[in-house]
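# For reference, the sequence and a predicted model appear below.
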Amino acid sequence: MENLLKLCLVLSVVQLYTAQRPTRWCVTNKEEEIKCNFLKKQMSQAVSDDPSLANKLPEDFQCVRQYDQFSCMEGIEQDNVDLIALDSGQAYFAGRQYNMMPIMAESYQDSAVTDIPSYYSVAVFRVDNPVSLQNLRQKKVCFSGIGMSAGWVHPIGRLLKDSLITVDQCNAIVKAVNSSFAGMCLPGALTSFYNPFGNNPTAVCRLCGGYNEEFCTTSDLYAGYDGSFRCVAEGSGHLTFVRHDTIDLMTDSTVNSTGLGSQYSRDNFRLLCPDRNGRTASVDDFENCNWGKISSNLIMTSAVRDPDIVEGYKTFLRTIDELFGPSGTRSSDLNIFTTLSSYPGTQKDIVRKNLMFSDMTKKLVDIGDNNYFTWVADDFNTYLSHMSQCPSNVVRWCVISLAEKLKCEDMIMAFKAKDLRPEMDCLYGGNTSNCMEMIWRGDADLMNLDAGDVYIAGRRYGLIPIAAEDYGDMTMQFKVVAAAQKTDKSTTLFNMKGKRSCQPGIGRGDGFGPILAKSTPRDQMERYRETPDGSWKRQRDIAEVGGWALFVSNHEDTACSACLPAWAQGWLGLEGEGALVRLDRRQ
């Protein structure tokens, strides 16, 4: 009786969920949207025929079309969509970067599942255009999509491990891969997620076959395992990395009505093995000639969804599997794990495969206690580490203040979260001169300098600039201004004698050098001369110009008379900002 009450409670919660909240499936192209809407129509018909299904199927099922799979991930994170099926590699990144979690998985066998469902990654080429590990640089490669397990992570990770691809820049794996082949189609490589710095070459899209906004995205005609196989089968590329069952899907017309069986047969293709001897094999020998064993695809949702809502999603998925799976009670109306060449009520011919789910799926299974990290297994993470190769293991950044050190440490955490290399270490130098000397001695690697300090660093310590700040106009320049209190109506650049000045620092290009350059020729400031004891003396008494007397070695003079008092020591190290703060906090 107690168990019956619990069951009734669960069904009530699920029914409440379906009544109050829509279930939104994310689709990325027109063909997938057509199939999704046909599923929606069939679910409505099923509920009409059997009202008891209303407790298991969502009352409001929506097919939400997004630009690509990354837009779907973002949409799920922002609660604009709810569900999507992803390759295990893409699911891994969705979990890490978009706070998503798996709820069910595809299984590719009819028998009971005792382990994580899987398939093999294989490298396929046409028999009439042989490919070997030795001639890869002369070959064009069609990839299924960046981040996909069988089509990207495992093969590229293996090539990096075997030193068949070399990396000479940090965080530029796409650039390294592009330079290793004669041409590529790598869908998704130009998205902001995989191209945050905008340095991925557009050449990675040279072989892609999509049109307009779909070009070189995960919605490209040559995207996905079926698309990358078609890219090679049609002669656009020479090699592709796909699931082992893709060959059956694309060459056997009895498997899928959109297969290429009428034009290609399995005998037209061979497998390239990762062995050093460059062995090739028939397409049937995938168990002995593969690039890794891959965990099956996952159905993903947001990790912050209420548990009752997630349970409703699972009930929905189990129900459509029971109704529209290969052995489902309504499979004659729709097999959700098969893509038709057309759907009733539409005029569009379907050329893509694996719409919504993989076409080789037999059923959906629960993932148990697994998450996106444990699902991909150790090999995946090993290959990811190879893909994060960097010529430098660590970079030591020299900072000149405690505030800068705190910011530097925040950068360390942010870089780790994005898996950026090399690792950072923050060294406290105390001032720019000490940091310059530390770099000169080899105790530090990098620091950020003002233009005036850059000159000193090069002249005295032999340091060189390697990058510059840009402020939005690509000129890498800014203008120096003189600021005074708004209430001070009398101060100008021509009557500063007797005034107190706050400078950001000695020798700096933004607040010291330009003032000297402007003032000295006009005889507003006298030149300095060095005495035998190394101190600086003034030719005339200009002691009142506090900040400009910083060359004076005797700091009891006016060089620091306008500096911040003890109560404002927290502002020290802010340099230019500190100088402006001083104007309003004078005591």
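All right, it came through fine.

# okay, CA-based contacts and neighbour counts for the rest of this
Fine.

# name the helices or strands packed onto the helix or strand Leu323 falls within?
Assigned by DSSP states H and E, Leu323 belongs to helix 307-324. Here helix 307-324 touches helix 2-20, strand 100-107, strand 363-366, going by 3 or more Cα pairs under 8 Å, 6 or more residues apart in numbering; DSSP states H and E.

# if you average pLDDT over the first one, what comes out?
What it means is helix 2-20. The predicted model gives helix 2-20 an average pLDDT of 51.

# downstream neighbour of that helix in the secondary structure list?
strand 23-27.

# ok, Asp275 to Ile439 distance?
45 Å (Cα to Cα, to the nearest Å).

# Just want to know which of those two has more residues nearby.
A side-by-side neighbour count of Asp275 and Ile439, using other Cα atoms under 10 Å, places Ile439 first with 20 against 13.

# Leaving out chain neighbours, which residue sits closest to Tyr222?
Leaving out its chain neighbours, the residue that sits closest to Tyr222 by Cα to Cα, 6 or more residues apart in numbering is Ser228, at 4.9 Å.

# Now for Met300: which residues touch it?
83-86, 91, 100-104 (Cα atoms under 8 Å, 6 or more residues apart in numbering).

# Taking those residues, tell me the two that lie furthest apart.
Met100 and Met104 (12.7 Å; Cα to Cα).

# Mind checking which of these two has more residues around it?
Met100 (25 against 22).

# partners of that one in the sheet?
Ser302 (DSSP bridges).

# what's the distance between it and Leu86?
For Met100, the distance to Leu86 - Cα to Cα - is 11 Å.

# Near the nearest residue to Arg21 once chain neighbours are set aside, how many residues? Count them for me, please.
Excluding the flanking residues, the one nearest Arg21 by Cα to Cα, 6+ apart is Asp60, at 7.4 Å. A count of nearby residues for Asp60, using other Cα under 10 Å, gives 14.

# tell me which element the residue nearest to the spatial centre of the chain is part of?
Nearest to the mean C-alpha position of the chain, by Cα atoms, centre = their mean, lies Phe193 at 3.1 Å. Of the helices and strands defined by DSSP H and E, none includes Phe193.

# Could I get the contacting residues of it?
Contacts of Phe193 (Cα under 8 Å, 6+ apart): Phe70.

# now with 10 Å?
Residues in contact with Phe193 (Cα atoms under 10 Å, 6 or more residues apart in numbering) are 70, 93, 97, 418.

# Tell me, how many residues neighbour the last one?
If I follow you right, that is Lys418. 11.

# Is it in contact with Ser388, as I believe?
No - here Lys418 lies out of contact with Ser388, judged by Cα atoms under 10 Å, at a distance of 11.1 Å.

# Ser71 versus the residue nearest to the centre of the chain, what's the distance?
In terms of Cα to Cα, Phe193 sits 10 Å off from Ser71.

# Could you do Lys41 as well?
25 Å.

# Pick out whichever of those two has more residues nearby.
Ser71 (16 against 12).

# The more buried one: which element?
Going by DSSP H and E, Ser71 is part of helix 69-77.

# Show the subsequent helix or strand relative to that helix.
strand 84-86.

# Now do the following helix or strand past that next one, average pLDDT.
Tracing the chain past strand 84-86, the next element assigned as helix or strand by DSSP H and E is helix 88-98. Per-residue pLDDT over helix 88-98 has a mean of 94.

# Helix 88-98 - contacts with which helices or strands?
The contact analysis (3 or more Cα pairs under 10 Å, 6 or more residues apart in numbering; DSSP states H and E) places helix 88-98 against helix 69-77, strand 84-86, strand 100-107, strand 293-295, strand 298-302, helix 372-375, helix 377-387.

# now do 8 Å
Partner elements for helix 88-98 (3+ Cα pairs under 8 Å, 6+ apart): helix 69-77, strand 100-107, strand 298-302, helix 372-375.
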